[in-house]
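# here is my input; please provide its structure:
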Amino acid sequence: MDPASNRSRPPSGGRASQRAYRSPRSPRWPSSHRPPFEPVDLRTSGRLSRPSGSTFRHGGDVAPLETPSDAPATPASVPPATLRTGLAGAPPAAALAVSANDPCSAALRRYAPGDVLGGRYRLTELLGEGSMGAVWKARNLSLSLDVALKLIRRDCAVPEAASRLIREAQATARVSHRAAVRIFDLCFTEEGEPFAVMELLQGRSLAQALAESGAMSPISAVQLLLPVIGALGAAHGAGVVHRDVKPANIVLVREGRRTVPKLIDFGIAFTEVRAAGDERRETLVGSPAYMAPEQVRGGQESDARADVWSACVVLYELVSSRRPFGGPSSISIVHDVLRLAPPRPEALELHPRLWEIIERGLAKDPDGRFTTMAALGRALAQWAIAAGVAHDVTGASLVDYWLS
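Numbering: from 1, shown residues only. Predicted coordinates for the structure are as follows:
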């Protein structure tokens, strides 16, 4: 989004060749369209993207696709007419040729501004979309309130898209914390597709802030990250492991004179309830540069210590403006995550205790890390207090929140 004009460019749609037909009366997919294995993509895994340079104004699900290197992603765009009238990737003329009376064609038409979902949510602006889902700004007609809707793209050919969105909504709803995005409802369209109604966030991502402003001082970085660590602790207390903590999934929202970091995108979160009833092998999803070694290896469910690892990767990046594990490709990043120890950033040469905390959080063996987010938060709070800091970025007392 161009900050000056406050208007976003619509991103590109998915491939028309990956489209499967279904009846609008039923959200279920024919068994013949289900792949024999779970799709795996180290870099995207169905995560949402937004137009390059845009400002975050959403309910917690628009994030740039991770790239193997530090170079920013450059998503393509499509003409607005295609978004309004067409099938993804099809010329507008071909889209207009689709009969409005054909139920299969109706199921494939893209959502458009003015559409009303669930009888009370009018779509007003597309904020971002990826291979499976899209996030829209919408107006609650009953309450005259702007919200964010996360819904499934109508041309999405992934059979698990609906169940994934439902799991994400359920996981997000279990987390109650000031620094976590709020979900208001889980609804269904007239065609039976689920969509999540979420808090509309107005701000920019931490990834965008890093790209624009560079590294932070160690004290500022700890003050900013402590509320997010608190939100992760609340999630773990509710039985939810985020598994995709990264700067792109932290939105900086202004509330009065304060900045409140908001943790978003529980799209690949692991829950204890799901673990008890789902014995399938864990799919390798996430962003390799922020994934813990046990996530990279796969084959086992990640616990809270995976989020401890990711939070420490983010803290490392905040103070140094680079990731501890980098490389020209996902394969090289995975190699570094599994084999190499991260170098101490120059910014931490004068802060040996803070480096000890980060280094422990990045232990290859989960047993060598902080066992809980509360333990990590206490260690960081004690370091900040010793450095003369009394509050985090939201104004919360470090003593009251972490040491009482």
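# now the strands: where do they sit in the chain?
In the chain, the segments counted as strands under DSSP state E are 48-49, 56-58, 116-117, 121-130, 133-140, 145-152, 183-188, 194-198, 201-205, 240-241, 250-255, 258-263, 270-271.
# neighbouring strands of the longest one in the sheet, and parallel or not?
What that stands for is strand 121-130. strand 48-49 (antiparallel), strand 116-117 (antiparallel), strand 133-140 (antiparallel) (DSSP bridges).
# so which of these gets nearest Glu359?
Of all those, strand 48-49 sits nearest to Glu359, with 32.6 Å by Cβ to Cβ. Just so you know, the C-beta spots here come from the backbone N, C-alpha and C atoms, and that holds for glycine as well.
# re earlier: between the strands paired with strand 121-130, which one is nearest to Thr189?
Proximity to Thr189, assessed across the strands paired with strand 121-130 by Cβ to Cβ, is greatest for strand 116-117 (5.2 Å).
# which other residues reach that closest one?
Applying Cβ atoms under 8 Å, 6 or more residues apart in numbering, the external contacts of strand 116-117 come out as Tyr111, Arg122, Leu123, Ala138, Leu141, Leu149, Leu151, Cys187, Thr189, Phe195.
# just the buried ones from the residues you listed?
Buried members of the contacts of strand 116-117, counted by 16 or more other Cβ atoms under 10 Å: Tyr111, Arg122, Leu123, Ala138, Leu149, Leu151, Cys187, Thr189, Phe195.
# was I right about the fifth one contacting Val197?
Pointing back at Leu149 there. Yes - using Cβ atoms under 8 Å, Leu149 makes contact with Val197 at a distance of 6.0 Å.
# circling back to that earlier point, Throw the contacts of strand 116-117 into CSV and include pLDDT, thanks.
Listed next are the contacts of strand 116-117 as CSV, based on pLDDT from 0 to 100:
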residue, pLDDT
Tyr111, 88
Arg122, 97
Leu123, 97
Ala138, 97
Leu141, 96
Leu149, 96
Leu151, 91
Cys187, 94
Thr189, 91
Phe195, 95
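# quick one: the helices in the stretch 51-200 of the chain?
80-85, 92-96, 103-108, 161-173 (DSSP state H, counting those that start in this stretch).
# same check, this time on the stretch 201-350 of the chain
If DSSP H, counting those that start in this stretch is used as the criterion, the helices of the stretch 201-350 of the chain fall at 206-213, 218-237, 272-277, 293-297, 304-320, 330-339.
# need the ones you listed in CSV with distance to Thr394 and mean pLDDT, can you?
Listed next are the helices of the stretch 201-350 of the chain as CSV, based on distance: least, Cβ to Cβ, whole Å; pLDDT from 0 to 100:
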stretch, distance to Thr394, mean pLDDT
helix 206-213, 14, 96
helix 218-237, 5, 97
helix 272-277, 28, 46
helix 293-297, 29, 91
helix 304-320, 16, 97
helix 330-339, 31, 92
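# so which of these is the most packed in?
helix 304-320 (a mean of 25; mean count of other Cβ atoms under 10 Å).
# tabulate the CA atom coordinates of that one in PDB.
Output of helix 304-320 as PDB, limited to C-alpha atoms (Å, rounded to 0.1, in the frame of the first residue of the first chain):
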ATOM      1  CA  ALA A 304       6.200 -24.500  23.600                       C
ATOM      2  CA  ARG A 305      10.000 -24.600  23.300                       C
ATOM      3  CA  ALA A 306       9.700 -24.200  19.500                       C
ATOM      4  CA  ASP A 307       8.200 -20.800  20.100                       C
ATOM      5  CA  VAL A 308      10.900 -20.000  22.600                       C
ATOM      6  CA  TRP A 309      13.400 -20.600  19.800                       C
ATOM      7  CA  SER A 310      11.500 -18.400  17.300                       C
ATOM      8  CA  ALA A 311      11.200 -15.600  19.800                       C
ATOM      9  CA  CYS A 312      14.900 -15.600  20.400                       C
ATOM     10  CA  VAL A 313      15.500 -15.600  16.600                       C
ATOM     11  CA  VAL A 314      13.300 -12.500  16.400                       C
ATOM     12  CA  LEU A 315      15.100 -10.800  19.300                       C
ATOM     13  CA  TYR A 316      18.500 -11.500  17.600                       C
ATOM     14  CA  GLU A 317      17.200 -10.000  14.400                       C
ATOM     15  CA  LEU A 318      15.900  -6.900  16.200                       C
ATOM     16  CA  VAL A 319      19.300  -6.000  17.700                       C
ATOM     17  CA  SER A 320      21.400  -6.900  14.600                       C
END
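# specify the angle between that helix and helix 218-237 in degrees.
160 degrees (axes from the mean of the first three to the mean of the last three Cα atoms, to 10 degrees).
# and the angle for helix 304-320 with helix 330-339?
Using the same axes, to 10 degrees: helix 304-320 against helix 330-339 is 110 degrees.
# what is helix 304-320 packed up against?
With contacts defined as 3 or more Cβ pairs under 8 Å, 6 or more residues apart in numbering; DSSP states H and E, helix 304-320 has these neighbours: helix 206-213, helix 218-237, strand 240-241, helix 293-297, helix 352-361, helix 373-386.
# ok, 6 Å please
helix 218-237, helix 352-361 (3 or more Cβ pairs under 6 Å, 6 or more residues apart in numbering; DSSP states H and E).
# buried residues in the last one, which are they?
By that I understand helix 352-361. Along helix 352-361, these residues count as buried under the neighbour rule (16+ other Cβ under 10 Å): Leu354, Trp355, Ile357, Ile358, Glu359, Arg360, Gly361.
# what does it rub up against?
Contact partners of helix 352-361, identified using Cβ atoms under 6 Å, 6 or more residues apart in numbering, comprise Pro218, Val308, Cys312, Leu315, Tyr316, Arg344, Leu348, Arg369, Ala379, Trp383.
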